[in-house]
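J.: What would the 3D arrangement of this be:
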Amino acid sequence: MKINGILKWGLLVSVFIFPGCAASNLYSVNMYYDTVKAAVPAYLKPDVKTSAAIISVAEFNDTRQIDDKLVIGRVVESDGTKTLVFPKNIKTTTAISNGLKEYLRKAGYKVPSKIEQWDLKEENIPQGVANVIIGGNIDELEIACRRGFPTNSYKTNIKLSVVLADMAKGKILYRTTVESSYSREHVLFSEDILGEQADMALAAAIEKLFEDKAVAQKIKEAIAQ
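T.: So this is what the prediction gives:
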């Protein structure tokens with residue numbers, strides 16, 4: 001009976017440890033912001049007078065100081081080797097912009113599907129029908145995992161520089177920086193968990209951006225003119 005008990009325990013442990021245990025040549029994850037649980041602050045939402053306002057979003061520029069900007073993270077395997085993490089189906093620069101679009105739509109604004117291209121210079125603000133455009137730079141992004149026993153350590157850091165501009169007047173309205181991080185310990189390792197880490201950090205960054213009342217104020221000032 002004792003032997004059977006030991007065998008059962010060993011089998012149970014193997015179920016938690018061995019899936020995904022073999023190191024891959026690379027890992028790939030999607031970054032996605034789900035607005036279902038987002039609580040939009042009342043001061044950001046448009047009123048009756050500004051409900052027709054249009055806000056465009058530009059694709060974020062990747063300004064990280066790294067050699068290969070396709071790399072978005074690293075996994076330190078149990079033997080100490082490092083495996084790179086890459087985007088799976090969508091560029092990270094686009095994923096961040098899509099997250100902003102969905103948040104602004106949930107807030108009640110009209111946001112065009114088209115993602116603009118903008119280098120954040122005032123003289124290069126795109127022409128369009130929108131009242132305001134929001135763009136930015138990815139200053140830091142690292143999706144990391146250190147694999148170990150009995151748990152794997154996950155951590156994601158994001159730092160974004162964000163710029164708001166009046167599209168009609170071709171004038172920059174506001175600049176700010178937002179940072180977020182998310183970490184956890186988990187007995188399992190998978191690309192899905194890596195992706196969840198990225199999702200949580202992105203959600204925190206976007207929500208923190210709009211917690212800044214100055215952002216809402218500048219948007220509404222431009223819309224009201």
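J.: which residues of the protein fall in strands?
T.: 27-29, 55-57, 61-62, 73-76, 82-87, 132-146, 152-166, 171-186 (DSSP state E).
J.: which of those strands sits most buried?
T.: Of the strands of the chain, the one with the most neighbours on average (mean count of other CB atoms under 10 Å) is strand 55-57, at a mean of 25. Glycine gets a C-beta too; all of them are placed from N, C-alpha and C.
J.: any residues touching that strand, and which ones?
T.: 97, 100-101, 104, 109-112, 114-116, 126, 128, 130-135, 167, 219 (CB atoms under 8 Å, 6 or more residues apart in numbering).
J.: Provide the strand pairings for that strand, with the direction of each partner.
T.: Using DSSP bridges, strand 55-57 pairs in its sheet with strand 132-146 (parallel).
J.: Narrow the contacts of strand 55-57 to those that are buried.
T.: Buried residues within those, counting neighbours by 16 or more other CB atoms under 10 Å: 97, 100-101, 104, 109-111, 115-116, 126, 130-135, 167, 219.
J.: Now intersect those residues with the helices, please.
T.: Among those, the residues falling in helices (DSSP state H) are 97, 100-101, 104, 219.
J.: is it possible to export these to TSV including distance to residue 202?
T.: Below are these laid out as TSV (distance: CB to CB, whole Å):
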residue	distance to residue 202
97	11
100	10
101	13
104	15
219	21
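J.: Mind putting those into JSON lines with pLDDT?
T.: Below are these laid out as JSON lines (pLDDT from 0 to 100):
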{"residue": "97", "pLDDT": "97"}
{"residue": "100", "pLDDT": "97"}
{"residue": "101", "pLDDT": "97"}
{"residue": "104", "pLDDT": "96"}
{"residue": "219", "pLDDT": "91"}
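J.: and stretch 128-135, how far from the chain's centre?
T.: With CA atoms, centre = their mean, to the nearest Å as the basis, stretch 128-135 stands 21 Å off its chain's centre.
J.: shaky segments in the chain?
T.: For the chain, the stretches with pLDDT under 70 are 1-24, 225.
J.: What is the longest helix of it by residue count?
T.: As assigned by DSSP H, the longest helix anywhere in the chain is helix 191-211.
J.: Flag every buried residue along that helix.
T.: Using 16+ other CB under 10 Å as the test for burial, helix 191-211 gives 191, 193-207, 209-210.
J.: Packing partners of that helix?
T.: Here helix 191-211 touches strand 27-29, strand 73-76, helix 92-107, strand 132-146, strand 152-166, strand 171-186, going by 3 or more CB pairs under 8 Å, 6 or more residues apart in numbering; DSSP states H and E.
J.: right, so of the ones you listed, which gets closest to residue 65?
T.: Evaluated with CB to CB, the helices and strands packed on helix 191-211 place strand 132-146 nearest to residue 65, the distance being 9.0 Å.
J.: to the chain's geometric centre, what's the distance from the closest one?
T.: Put simply, strand 132-146 sits 6 Å off its chain's centre (CA atoms, centre = their mean).
J.: neighbouring contacts of stretch 194-208?
T.: Contacting residues not belonging to stretch 194-208 are listed as 27, 29-34, 38-39, 72-73, 75, 85, 88, 95-96, 99-100, 103, 143, 145, 154-158, 160, 178-184 [CB under 8 Å, 6+ apart].
J.: Show me what residue 75 is bridged to.
T.: residue 83, residue 145.
J.: so residue 85 sits right up against residue 74, yeah?
T.: Yes. Using CB atoms under 8 Å, residue 85 makes contact with residue 74 at a distance of 6.3 Å.
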